[in-house]
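>>> Quick one: sequence and predicted model below, then my questions.
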Amino acid sequence: MTDFAPLSAASAPLQAGNATLDFLLRRMRHKSDFPALSDSVARIQRVANSEDDSISDLTHEILKDVALTNKLLRLVNSVHYAHASRGSISTVSRAVSLVGFNAVRNMALSLVLLDHMQDKQHASQMREEFLRAMMAGSVAAELCSTVQAAEEAFIGAMFQNLGRMLCEFYFPEEARQVRTLVASGQVEGGEESASLQVLGLGFEDLGVGVARVWGLPESLQRCMRKPMGSPMMRSPEQGVERLRWAARAANEMASALVVTEPDALEAQLAQIAAAYARPLALSVEAVNEATLRARRKLVALAEALDLQVDPGSPAARLLKLPPAAQDATAQDDTLSPLELKPSEAKPLPALLASQAGGAVSVAEVNEVLAAGIQDITNAMVESFQLNDVLRMILETMFRALGFRRMVFCLREARTDQLTGRFGLGEGSEAVVRAMKVPLNVPGDLFTAVCLRGADTLINDATEPRISARLPRWYVDGVNAPSFLLLPLQMKGQPFALIYADQAVPGGIVVDDKALGLLRTLRNQAVMAFRQAG
């Protein structure tokens, strides 16, 4: 996470050689999902630490995971993130530009945990753990006054629950024993003492140990450790220390929502608010209001992700608003039918079936293309970044037609050739490096298409008459059997090219309507360059 400042290794007391942690890690690795979970977290973390084009990298990583893309787009279109009159968001690129890089990164990390920690045998308990962690993150974010602090607090508070979540998923029997010990009141020190007794390691040390294995920043690892002692009578300095207190307060609120009986809940929340108001430099009323906002957001999040919980379960308590808030929501709902909104369709798939070589209807292709065009139109009426719009255009085409990979090329004045700038899909990095279309040496197929400005679909590049016109750089570096070329021109001169391919001859099927929509997207790219000056 780029926002967390690095700290010295001495600030984290858990040593890498901890034998108990090593033993538990070996047990977790025996479950096939742990390496995949670790890889997903590590990939998102690498993107977050990248000094290069992080937005493009983050979009690319999310699009690799179809389930993650679907859930993230549902989430950013939920009440939690929706802003009036901006319409629905149909691309990850647009989500990143609107919601923010760090917010999307946090959502992706949260959803990765949700996706990987699924177990039918104790699904309800895992949903409770996930919702409790999300509630803690939401409360912590609401307790912060700046966007950056809120994003850091969210992930810090959520990851304070990592050890408990890992135990619940990978060691369900031990997790039950911990809950039984805590409920019996037989151990002093609560959950941490109980987990130490059962696992030989506290939940906090387990979570921090795994965070270290995943390569999460040391400052986040420090934030995962709750401050010791009673809440201070003064506000700590800004930075990681304040985040730790906000995360601890948020987790106490989340735990109270889970374990407190309904008739005593509001009094318990008020007591926690009073205890933490001073160290957070907030009024008791402000802490209470922040908690209520977070509770509303969690309800919207659960609806967006279709997280079903058993009525009367502890998890259901997390999704129950106080009567006053429910009344206010009901009053707001009386105005909802009168509100002017874009027509709402069912959520579009993140990636159509053609990506996997399956059949896909023409209507679905055109629907995704049309939604992307609207998304880009919305972006271009605002102040926009050119690269953001270009990413949205490529992503829309990529999702709709299920291409194997895509590359955007731009003219390089010094060499007078179109060179790859960024891409999407399997192995697109190598194709970006390989794409070098000369504009001053006519003869090969790519140059001819770009100079003519002719949209061209090559269904079978292995045919002799086609293969004879393929340039050597393409045959050596790319050599796809089916590809699409959409050149961009201004004043009759080529300045860019959109390239897309498939792994099999005839793998790209474009009807007349889809071709028209693709050309609209290409023209939006030209318009974006004109507007950007």
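Received it, and whenever you're ready, just let me know what you need.
>>> mind checking which helix or strand the residue nearest in space to the middle of the chain is in?
Central residue of the chain (CA atoms, centre = their mean): Ala108, 2.6 Å from the mean position. Secondary structure from DSSP states H and E places Ala108 in helix 101-116.
>>> Following the chain past that helix, name the next helix or strand.
helix 123-142.
>>> how much space between the spatially closest residue to Gly200 that is not a sequence neighbour and Ser195?
Nearest non-adjacent residue to Gly200, counting by CB to CB, 6 or more residues apart in numbering: Thr20, 4.3 Å away. All C-beta spots, glycine's among them, are computed from the backbone N, C-alpha and C. Distance, Thr20 to Ser195, by CB to CB, to the nearest Å: 11 Å.
>>> what is in contact with the two at once?
Leu201 (CB atoms under 8 Å, 6 or more residues apart in numbering).
>>> Quick check on those two: which one has the bigger neighbour count.
Ser195 (28 against 15; other CB atoms under 10 Å).
>>> I figured that one hits Gly189, correct?
No: at 9.9 Å, Ser195 does not count as touching Gly189 under the criterion of CB atoms under 8 Å.
>>> can you pull out the strands in this structure?
Using DSSP state E, the strands of the chain run over 405-412, 417-425, 436-438, 456-458, 482-490, 493-502.
>>> So for the fifth one, what gets flagged as buried?
It stands for strand 482-490. By neighbour count on 16 or more other CB atoms under 10 Å, the buried set for strand 482-490 is Ser482, Phe483, Leu484, Leu485, Leu486, Pro487, Leu488, Gln489.
>>> can you put the residues you listed in TSV and add pLDDT?
Formatted as TSV, those follow (pLDDT from 0 to 100):
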residue	pLDDT
Ser482	95
Phe483	96
Leu484	95
Leu485	96
Leu486	96
Pro487	96
Leu488	97
Gln489	95
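>>> now the helices for the stretch 151-300 of the chain?
Secondary structure of the stretch 151-300 of the chain (DSSP state H, counting those that start in this stretch): helices located at 162-170, 172-184, 190-199, 203-213, 218-223, 240-259, 262-277, 284-304.
>>> I figured the residue nearest to Gly200 hits Leu201, correct?
Yes: Thr20 lies in contact with Leu201 (CB under 8 Å); the separation is 4.6 Å.
>>> residue contacts, Gly425?
So Gly425 contacts Leu63, Phe398, Phe403, Arg404, Arg405, Met406 (CB under 8 Å, 6+ apart).
>>> Distance-wise, check the second one relative to Pro231.
This points to Phe398. Where Pro231 is concerned, Phe398 sits at a distance of 50 Å (CB to CB).
>>> quick one: which of those two has more around it?
Between Phe398 and Pro231, Phe398 has the larger neighbour count (other CB under 10 Å), namely 25 against 17.
>>> ok, now how distant is the more buried one from Thr456?
18 Å.
>>> ok so, going back, contacting residues around the residue nearest to Gly200?
Going by CB under 8 Å, 6+ apart, Thr20 touches Leu199, Gly200, Leu201.
>>> now swap in Gln308 and tell me
Arg127 are the contacts of Gln308 under CB under 8 Å, 6+ apart.
>>> For it, report the pLDDT, please.
pLDDT recorded at Gln308 is 84.
>>> Distance of it relative to Ala302?
8 Å.
>>> again, but for Tyr170
From Tyr170 across to Ala302, the span is 24 Å (CB to CB).
>>> Also Ala123?
14 Å.
>>> which one of these two has more residues nearby?
Legend: neighbour count by other CB under 10 Å for Ala123 and Ala302, higher for Ala302 (21 against 12).
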